[in-house]
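1. how does the following fold in three dimensions:
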Amino acid sequence: MIIDSHAHLVAPDSFYGLWTYLEAAGTYHGRMPSKATDEELLASARRQIALMDEVGTDIQLTSPRPFVLKHSARPGKIVHWWIEANNDAIATQVAAHPDRLRGVCALPQVAGEPIDTVFEELDRNLERGFVGVLLNPDPSEGAGTTPVMGDEYWYPLYERLVERDVPALLHPAACYGRESYSEHFITEESLAINSMIRAGVFRDFPDLKIVVPHGGGSVPYQLGRWVAHDRGILGAGNDDREAFADTLKRFWFDTCLYTQEALELLFAVVGADRVLFGTERPGSGGSLEDLKPVIEKIPALSDADRRSVFEGNARQVYTRLSS
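-> Numbers count the residues shown, from 1 in each chain. Alright, predicted model coming up:
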């Protein structure tokens, strides 16, 4: 079986029109329904499944498209409404195709709000069968005002995720600074890994499941720099700290990298036992999203490794897949 752990909502244009109304009206007209009908959403799901069939994918874990989630918008209430609508659209599609699609809900994070404001939406979606959450490390969307992921600001969420055995796909969203959203993805993923390792988050939450997409940002490919930094600055006088490279393997990663060379390096650095198959199909990769044959021809991987990457690791991380 092939489980693609990294996919995003496929929806009609009429669905995304809802944001235009929310942005224009704020809370003046209250919560407004999406103009997309269930049939339109289900037609989009059928197109998604056709794309899965083209490349031999059995199941996709689907979350809202991060760069349209508007975490930094005001008033914060419309961000909550918009993200809830995205999760509802996924729930409609999953209910129609439970054997092919499973939901990963977005959290209604709003820049400047306490992180515990997302708990109600987290619980609502777990109750209806979602298997994980989408976690944005920078809801300020490039403004530089969000605490880094090693900060105790995030600890109430980490505690809740561990308590309920919920994995988080750590996926940045939009950026209104000097980076494009794609560049921002890699920057924020790298910053998250480094800040969590420096702060000892996994010492405080050893059972926390964090999946870093896109091969872990830049960190596995700049490993020497961070190992040297860890030894030379953070390690001075602190011999009981776990080595950087060992703590790195407490994260999970996905294969949304698109080239064999990058994938080979990822497997060499973190091991096939920490990597989930993920393609973002349909996303920004075009024809490069067909990663199964690329992974199948990597000589360093055994048949057991490939089974773990294609299915086993996803089931280990997303334990609700079995329910």
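2. the helix-or-strand element of the chain with minimal mean pLDDT: how far from the chain's middle?
-> Using mean pLDDT, DSSP states H and E, the weakest-scoring helix or strand in the chain turns out to be helix 223-229, at a mean of 90. In terms of C-alpha atoms, centre = their mean, to the nearest Å, the centre of helix 223-229 is found 25 Å from the chain centre.
3. contacts for it?
-> Under the contact criterion C-beta atoms under 8 Å, 6 or more residues apart in numbering, helix 223-229 has outside partners 194, 219, 243, 244, 245, 248, 269. Placement of C-beta: from N, CA and C, glycine included.
4. give the buried residues for that helix.
-> 223, 226 (16 or more other C-beta atoms under 10 Å).
5. tell me the helix or strand right after that helix.
-> The helix or strand immediately downstream of helix 223-229 is helix 244-248, counting by DSSP states H and E.
6. report the strands that pair with the next helix or strand after that following helix, each with its relative direction.
-> Once the chain leaves helix 244-248, the next helix or strand it forms, by DSSP H and E, is strand 252-254. Here strand 252-254 is paired, per DSSP bridges, with strand 210-212 (parallel), strand 275-276 (parallel).
7. nearest to residue 254, of these?
-> strand 275-276 (4.8 Å; C-beta to C-beta).
8. and residue 191, what does it touch?
-> Counting by C-beta under 8 Å, 6+ apart, residue 191 has contacts 137, 148, 149, 217.
9. quick one: contacts for the last one?
-> Listed by C-beta under 8 Å, 6+ apart, the contact partners of residue 217 are 185, 186, 187, 188, 189, 190, 191, 192, 193.
10. please spell out which residues along the helix ranked longest in the chain are buried.
-> Ranked by residue count, the top helix of the chain under DSSP state H comes out as helix 76-96. For helix 76-96, the neighbour count (16+ other C-beta under 10 Å) marks 76-94 as buried.
11. ok, now stretch 155-173?
-> So, applying 16+ other C-beta under 10 Å, buried residues of stretch 155-173: 157, 158, 160, 161, 166, 167, 168, 169, 170, 171, 172, 173.
12. check stretch 302-313 too.
-> 305, 306, 308, 309, 310, 311, 312, 313.
13. biggest separation within those residues, which pair?
-> 305 and 311 (11.7 Å).
14. ok so, going back, what two of the contacts of residue 191 have the greatest distance between them?
-> Taking C-beta to C-beta, no two of the contacts of residue 191 sit farther apart than 148 and 217, at 13.4 Å.
15. residue contacts, residue 117?
-> Residue 117 neighbours (C-beta under 8 Å, 6+ apart): 80, 108, 110.
16. where does the stretch 151-300 of the chain have low pLDDT?
-> Applying pLDDT under 70 to the stretch 151-300 of the chain flags residues 233-239.
17. residue boundaries of the helices in it?
-> 155-164, 181-199, 201-204, 223-229, 244-248, 260-270, 292-296 (DSSP state H, counting those that start in this stretch).
18. tell me which of the ones you listed is the most buried.
-> helix 181-199 (a mean of 21; mean count of other C-beta atoms under 10 Å).
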